[in-house]
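In: sequence? don't have it. structure:
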């Protein structure tokens, strides 16, 4: 693992401190700030990458990165997809479809030790059978069990299946700046984030920076960005600003598969995690639900256990 963060990087790690989405009142304000952050990152980091889950927030980040990269005349950075072994099939299909459509350089982050052991989610494995790195990571978590149940929504499972997998890719790829789709309003543990966020403690992770271009977006603004910009730019002839009430409300000749919108959002999911640890919030599509009077991530098992602060300290998103 690298022990020092590269000295060629010079960014303002206080940019955005003590701010909220209200400091960027219009959608144009939010986009302009996001584009400014992305432009600085693309011109600063020598080996950036974009974390992409296929969800709405990371798709918005990817959209801004692609637009700014085109304006600057530079390549879109590699896209990192963390495979924690329990994605919805629809998520895999969505990611594969748009990797091809957008000609993305996809890097899959996966803890291969569990594939080697042929352990399925929900099954237990003796800790002694894990490889040295996974055993060392469990020791860091003060895990004392003789067996481990594979579950990405637990503290230990999330760390091994997501954070460790991501750290391995960051290390192997030599990535120095990672674009991430976190937002100030999404969760209390993310409310103090800045647009450029250091991850320089080599005892925890390969030293790198996290770049957060959409901190200033709230959930409503994310969907406004989709129907005003992302979808019209991806689907020829789609009327900008048209918000479909259902799949039957799409323009003639357009299907949900034509849109860069994960199909789970049509089903009523507002936040996508693991298949067993996510639940839809209502029957209406996500963008038609009460986005201010209800909690976006209340259906996420990981959040119910209040693990995020500890996970983020270890390098989670």
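Out: That came through, no problem. Just so it is clear, the model here is predicted, and its values are computed rather than measured.
In: Please, where are all the helices along this structure?
Out: For the chain, the helices defined by DSSP state H occupy 27-44, 56-72, 89-101, 112-116, 132-140, 155-158, 164-173, 219-225, 231-234, 263-266, 301-304, 308-313.
In: The second one vs helix 89-101, what angle?
Out: Between the axis of helix 56-72 and that of helix 89-101 there is an angle of 0 degrees, by axes from the mean of the first three to the mean of the last three C-alpha atoms, to 10 degrees.
In: now helix 56-72, how far from the centre of its chain.
Out: Centre-to-centre, helix 56-72 and its host chain are 13 Å apart (C-alpha atoms, centre = their mean, to the nearest Å).
In: shaky segments in the stretch 201-317 of the chain?
Out: Within the stretch 201-317 of the chain, the stretches with pLDDT under 70 are 297-317.
In: actually the stretch 1-150 of the chain, not the one I typed
Out: In the stretch 1-150 of the chain (pLDDT under 70), the answer is 1-2.
In: Of all the helices of the chain, which one is nearest residue 203?
Out: helix 132-140 (9.1 Å; C-beta to C-beta). Every C-beta, even on glycine, is put in place using the N, C-alpha and C of the backbone.
In: which secondary structure elements does that closest one contact?
Out: helix 164-173 (3 or more C-beta pairs under 8 Å, 6 or more residues apart in numbering; DSSP states H and E).
In: give me the number of residues near the nearest residue to residue 175 once chain neighbours are set aside?
Out: Using C-beta to C-beta, 6 or more residues apart in numbering and skipping residues adjacent in sequence, the residue nearest residue 175 is residue 49, 4.5 Å away. Summarising burial for residue 49: neighbours were counted as other C-beta atoms under 10 Å, giving 27.
In: before we move on, what about the one 5 residues further on?
Out: Close neighbours of residue 54, defined as other C-beta under 10 Å, add up to 24.
In: and what of the one 5 residues further on?
Out: Burial of residue 59, expressed as a neighbour count using other C-beta under 10 Å, amounts to 22.
In: Distance-wise, check the residue nearest to residue 121 when sequence neighbours are not counted relative to residue 114.
Out: Spatially, and ignoring its direct neighbours in sequence, residue 121 is nearest to residue 86 (4.8 Å; C-beta to C-beta, 6+ apart). Distance of residue 86 to residue 114, computed by C-beta to C-beta, to the nearest Å: 11 Å.
In: Looking at the two, which is more packed in?
Out: Set side by side, residue 86 and residue 114 show more neighbours around residue 114, with 24 against 21, by other C-beta under 10 Å.
In: which residues sit in contact with that one?
Out: Counting by C-beta atoms under 8 Å, 6 or more residues apart in numbering, residue 114 touches 85, 125, 150, 160-161.
In: Now tabulate those in JSON lines and tack on neighbour count and distance to residue 269.
Out: Shown next, in JSON lines, are those (neighbours: other C-beta atoms under 10 Å; distance: C-beta to C-beta, whole Å):
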{"residue": "85", "neighbour count": "19", "distance to residue 269": "19"}
{"residue": "125", "neighbour count": "18", "distance to residue 269": "30"}
{"residue": "150", "neighbour count": "22", "distance to residue 269": "23"}
{"residue": "160", "neighbour count": "25", "distance to residue 269": "25"}
{"residue": "161", "neighbour count": "26", "distance to residue 269": "20"}
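In: quick check, nearest of the residues you listed to residue 200?
Out: Residue 200 lies nearest to residue 160 out of the contacts of residue 114, by C-beta to C-beta, at 22.5 Å.
In: is it true that the closest one touches residue 137?
Out: Yes: using C-beta atoms under 8 Å, residue 160 makes contact with residue 137 at a distance of 6.1 Å.
In: Residue 142: neighbour count?
Out: Residue 142: 6 neighbours (other C-beta under 10 Å).
In: correction: residue 177
Out: Neighbours of residue 177 (other C-beta under 10 Å): 23.
In: Relative to residue 113, how far out is it?
Out: Residue 177 is 27 Å from residue 113, where distance means C-beta to C-beta.
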